[in-house]
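*Asks:* the following comprises the amino acid sequence and a computationally predicted model.
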Amino acid sequence: MKRILILRPEAQAAELQQLVQEHALSQGVRIATESASMLEIKGYDDPSRSLADTLRAKWDGAMMVSVNAANYFAEQARTWAPNLAMPRCRWFAVGPVSAEAIARVVARPVVCPWREHNSDALLALPELQQVSDQRWLIVRGRSGRELFADTLRARGAQVEYLEVYERVSNPPTAAQMAKWQQNIDTIMVSSAEQLGAFLAAVPADSLDWLANCTWIVASHRLQQLLPAGIGKHVMIADSAASFAMVDAWQRAMQVEKDHL
């Protein structure tokens, strides 16, 4: 029986668990899945920027970095600025899942990469090449990645942030970690933050366990974050979307089957 650990926030993990279980059932494969989030997501009121001023401002383009960004942005808008409209500008997202969430919030079309759903693919879109003298908004978590802003600024844009959520560490207990080491043989992870927090919590004597696990990761960047010696059995998904993670897991299972 395959035993899978999904490192993902609860709401997103539930969908992924269901898809994995449905596929396993259709293939007659016995599995057990467990999810855990190494980080808790909480709303954050950005002291450096007024939400009302953000909504009133004129933007040439805007992006939300995740579903969490869309959800907490919407929550703050309902609470603090219910009578203000969403910015009427071009909106962008990394992938279709976040694009759908953003579209529900802003009630406007949202552009995302077609084939690959990652930061590099988003920044490669034609619409993001000529941004000189444009004003851009990035809605993100507290102290998030600087890649989007740095790249747009290098292309001549003025970029401002609105931070609407923060991550709080939620490490596993020693008993939980010991149980995983005994049972888990496959690990799915879709964000660098979850991976980093998980690896920080793993005891030094557990590296052999991690090295023998099959890893399903959402991008080449995550693969590169795996410590040396751990990434022997890695399958890279096209994106962090649940369907893409399941597809990568299917490919990993096929590779394992072919080597039996």
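*Replies:* Structure's in. What do you need?

*Asks:* the longest strand seen in the chain pairs with which strands?
*Replies:* The single longest strand within the chain, with elements called by DSSP state E, is strand 158-169. Applying DSSP bridges to the sheet, strand 158-169 is found paired with strand 39-43 (antiparallel), strand 135-141 (parallel).

*Asks:* distance from the chain centre to the shortest one, please.
*Replies:* Using Cα atoms, centre = their mean, to the nearest Å, we find the averaged C-alpha position of strand 39-43 to lie 13 Å away from the chain's own average C-alpha position.

*Asks:* mind listing what's buried along that strand?
*Replies:* Within strand 39-43, the residues that qualify as buried by neighbour count (16 or more other Cβ atoms under 10 Å) are 39, 41. C-betas here are computed from N, CA, C, even on glycine.

*Asks:* list of residues touching whichever helix or strand comes after it?
*Replies:* Following strand 39-43 in sequence order, the next helix or strand is helix 51-56 (DSSP states H and E). Outside helix 51-56, the residues that touch it by Cβ atoms under 8 Å, 6 or more residues apart in numbering are 76-77, 80-81, 84-87, 137, 162.

*Asks:* would you turn these into JSON lines with neighbour count and secondary structure?
*Replies:* Formatted as JSON lines, the contacts of helix 51-56 follow (neighbours: other Cβ atoms under 10 Å; DSSP: H, G, I helix; E, B strand; the rest coil):
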{"residue": "Gln76", "neighbour count": "21", "secondary structure": "helix"}
{"residue": "Ala77", "neighbour count": "20", "secondary structure": "helix"}
{"residue": "Trp80", "neighbour count": "13", "secondary structure": "helix"}
{"residue": "Ala81", "neighbour count": "17", "secondary structure": "coil"}
{"residue": "Leu84", "neighbour count": "14", "secondary structure": "coil"}
{"residue": "Ala85", "neighbour count": "11", "secondary structure": "coil"}
{"residue": "Met86", "neighbour count": "17", "secondary structure": "coil"}
{"residue": "Pro87", "neighbour count": "19", "secondary structure": "coil"}
{"residue": "Leu137", "neighbour count": "21", "secondary structure": "strand"}
{"residue": "Leu162", "neighbour count": "21", "secondary structure": "strand"}
